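Peer 1: give me a 3D structure for the following:
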Amino acid sequence: MSDPCADPRRGVFTRRMPAWGGYGPGFWATVIWAPLVSLDPILDVPAHVPAWPAALACLTVLAAFTTAVAAAYRTSRSGTVVAALTVQTVVTFLAAGLYGDHWYALFTLLALAYGAVVPPRLAPRALAVLVVCAAALVLFVAGDAARSWTTALVTFLTGFGTFTFHRLLTVIAELDATRDELARTAVDEERLRFARDLHDLLGHTLSVIVVKAQVTRRLLPERPGAAADHATDIEDIGRHALEEVREAVSGYREADTGRELDRARIALDAAGITLRVHSRPQALPPAVDALFGWVVREGVTNVIRHSGARHCDIGFHTVRDGARVTVDDDGHGGAPGRGAGLRGLTERTAETGGRLHVGRSRRGFHLSVEVPLPT
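Peer 2: This is a model prediction of the structure:
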């Protein structure tokens, strides 16, 4: 899975974090130490050293430190971060080597910068090199092993503590982004499910209502009793459609093969199309039974709408390690395009690991779905 926080425009020394006043919380938690750490070297400038070079060195370190951390959180320019970090490293080692003693505290500030802005895959090695070099410099300049070990320990704890803190913030930001993405995906999937169910449900039902209404209009002048029966059927179909829509909204609507066959017979009979069912289905797993119900519904809807057929054949067959349902007609009308109904059926078939075939046959139009059955 790709990093949900990644931005291809951002460099390897930049990171995306939740904002506090435009910067990440790690920025403020890091830069707040800069003035505190720099007080010690500023107040301990050796008497033989002019004040302005020491002040300039300290200000340069502070500026480079702040620039590196700010650039890592606010810009996509890795070069700025690398340049600022390089300046801070060089000036820190020069000042510590020249002035010694309290100026070793600048290694703490450098460790803060390394832990905050160096990429996670490089930070441990960079910090290890910093700790070794800082300890070696103190030992060489001061000749004090205890002071060297103390500097190494403080630098190590500061750097790796900062690295761990920032890594934790990064993981939290990634988890938040992933959670938001999952929520958006769930909403999109539910929206697609509802649209698919609504089309599959109402497409068939409205087709039946239209056919029934046409029959009612033709029968009304000469056979008002039969017309009234068809009008009653329209009322019943409309009520049932309302129930199906409510079920689709609640997410509990599934087709049933037996029930869809009964409805198919009513719809085809109203359209003057003879239905022949070959080998009614045996007990099927719920998911397969629901899929075959949708196939019957969509297939019959297409027969009524597009085929101009006189006969419709629905068959259920057992194949090797699976089952197949077919819907055929003898019509010569145009084949239905890959509209929302067939797209929805394709999606449902793919969810069960099955295969869908749709197209013209020698007799008319052919629709079939084959799915594997659990052994």
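
Peer 1: what helix or strand does Ile314 sit in?
Peer 2: Per DSSP states H and E, Ile314 falls inside strand 311-319.

Peer 1: residues of that strand that come out buried?
Peer 2: Going by neighbour count (16 or more other Cβ atoms under 10 Å), the buried part of strand 311-319 is His311, Cys312, Asp313, Ile314, Gly315, Phe316. The C-beta positions use only the backbone N, C-alpha and C, and glycine is treated the same way.

Peer 1: and the closest residue to the fifth one other than its chain neighbours, what pLDDT?
Peer 2: When the adjacent residues along the chain are set aside, Gly315 lies closest to His278, with 4.0 Å between them (Cβ to Cβ, 6 or more residues apart in numbering). Per-residue confidence at His278 stands at 85 (pLDDT).

Peer 1: what about His278, how many residues close to it?
Peer 2: Burial of His278, expressed as a neighbour count using other Cβ atoms under 10 Å, amounts to 11.

Peer 1: ok so, going back, closest one of the buried residues of strand 311-319 to Ala126?
Peer 2: Taking Cβ to Cβ as the measure, Ala126 sits nearest to Phe316 out of those, at 67.6 Å.

Peer 1: the closest one and Val325, how far apart?
Peer 2: When distances are taken as Cβ to Cβ, to the nearest Å, Phe316 and Val325 turn out to be 6 Å apart.

Peer 1: for the helix or strand harbouring Ala228, name the packing helices and strands.
Peer 2: Here Ala228, judged by DSSP H and E, is contained in helix 224-250. Using 3 or more Cβ pairs under 8 Å, 6 or more residues apart in numbering; DSSP states H and E as the contact criterion, the neighbours of helix 224-250 among helices and strands are helix 145-219, helix 257-270.

Peer 1: just the mean pLDDT for the longest one, thanks.
Peer 2: Model confidence over helix 145-219 averages 79 on the pLDDT scale.

Peer 1: for that helix, name the packing helices and strands.
Peer 2: For helix 145-219, the elements it packs on are helix 25-31, helix 106-117, helix 123-142, helix 224-250, helix 257-270, helix 286-302, helix 340-351, judged by 3+ Cβ pairs under 8 Å, 6+ apart.

Peer 1: one step back: of all the buried residues of strand 311-319, which two lie farthest apart?
Peer 2: When the buried residues of strand 311-319 are compared pair by pair using Cβ to Cβ, the two farthest from each other are His311 and Phe316, 17.5 Å apart.

Peer 1: what pLDDT, on average, does the helix or strand containing Val91 get?
Peer 2: Remark: Val91 resides in helix 78-99, with elements defined by DSSP H and E. For helix 78-99, the mean per-residue pLDDT is 84.

Peer 1: so where's the chain uncertain?
Peer 2: The chain contains residues with pLDDT under 70 at 1-50, 74-77, 190, 192-204, 247-255, 281, 306-307, 333-340, 375.

Peer 1: could you list the domains of the chain?
Peer 2: According to the domain assignment given by automatic domain parsing, the chain is divided into the following structural domains: 25-184, 274-375.
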